[in-house]
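A.B. asks: coords please:
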Amino acid sequence: MDYEASLDRALEAVPDIESGGDRLSVPDAEAQADGAFTRFNNLDAVADALNRSTDHLHRFVQQSLATSGKLAEGVGRYNGEFAKREFERAIEEYTEEYVRCSECGLPDTRLVQEDRTTMLRCDACGAFRPVQKKSGSRSTQQTTDDVEAGETYTVEVTDTGRKGDGVAHRGDYTIFVPGASEGDVRERLR
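C.D. replies: Here you go, the predicted structure:
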């Protein structure tokens, strides 16, 4: 058997992979206000689409929203009022950190525990990396992005707060900018 015939036979045996479009299809978050709480009604469907445990995704969403919550029957219930886009932003962050391979970008990964480190292993390319652990501890080292009273700063508004004010970040500080909207750049803040 010559090389060309062997190659043709091997290529026929390999399944076609769709290269157009994203293979990862995550359903949109279904957020519903429930008094002082917000329900994430399809948390289990999102976790299934990401091939991760519902509890793991729920804990990440809690940390991302900086709130407490409960998980019951695949529905997350979080203290506070949150918009659908806040849940979707948390899902995007989760996908980048815990689902997509940093080398090939494919979602064919799994979380494995090696020693005491959680690793993201890619089944498509074989790459692996440790996942970042979010912690509540703050660094004692001073950053150059400190905010001091009376000083002037240029900030970019990256979000909208619950009361409609713009939200910007500088270092470890969150700055609320009255009357600003997402994408605005404000100079001379005091």
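A.B. asks: how is this structure partitioned into domains?
C.D. replies: Here the domain assignment for the chain is 25-99, 103-132, 153-189, based on automatic domain parsing.
A.B. asks: adding mean neighbour count, write these out as CSV.
C.D. replies: For the C-beta atoms, the positions are set from N, CA and C on the backbone; glycine is no exception. Listed next are those as CSV, based on neighbours: other CB atoms under 10 Å:
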stretch, mean neighbour count
domain 25-99, 17
domain 103-132, 13
domain 153-189, 14
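A.B. asks: wait, which of the ones you listed is closest to residue 14?
C.D. replies: In terms of CB to CB, the element of those nearest to residue 14 is domain 103-132, at 13.7 Å.
A.B. asks: what about that closest one, distance to the chain center?
C.D. replies: Its chain's C-alpha centre lies 16 Å from the corresponding centre of domain 103-132 when counted by CA atoms, centre = their mean, to the nearest Å.
A.B. asks: endpoint to endpoint, that domain covers what distance?
C.D. replies: Terminal residues of domain 103-132 are spaced 16 Å apart (CA to CA, to the nearest Å).
A.B. asks: quick check: mean pLDDT across that domain?
C.D. replies: Confidence over domain 103-132, taken as the mean pLDDT, stands at 87.
A.B. asks: ok so, going back, between the domains of the chain, which gets nearest to residue 6?
C.D. replies: Using CB to CB as the criterion, the shortest distance between residue 6 and the domains of the chain is 24.2 Å, found for domain 103-132.
A.B. asks: looking at this protein, which strand is longest?
C.D. replies: strand 153-160 (DSSP state E).
A.B. asks: what helices and strands are in contact with that one?
C.D. replies: Packing partners of strand 153-160 (3 or more CB pairs under 8 Å, 6 or more residues apart in numbering; DSSP states H and E): strand 166-170, strand 173-177, strand 185-189.
A.B. asks: least confident of those, on average?
C.D. replies: Ranked by mean pLDDT, those end with strand 185-189 in last place, scoring a mean of 57.
A.B. asks: where does the prediction get shaky in the chain?
C.D. replies: Residues of the chain that meet the criterion pLDDT under 70 lie in 1, 15-22, 133-147, 150, 183-190.
A.B. asks: got the residue ranges for the helices in the chain?
C.D. replies: In the chain, the segments counted as helices under DSSP state H are 3-13, 43-50, 54-65, 84-98.
A.B. asks: would you convert those helices into CSV that also reports distance to residue 104?
C.D. replies: Written out in CSV, the entries for those read as follows (distance: least, CB to CB, whole Å):
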stretch, distance to residue 104
helix 3-13, 21
helix 43-50, 17
helix 54-65, 22
helix 84-98, 14
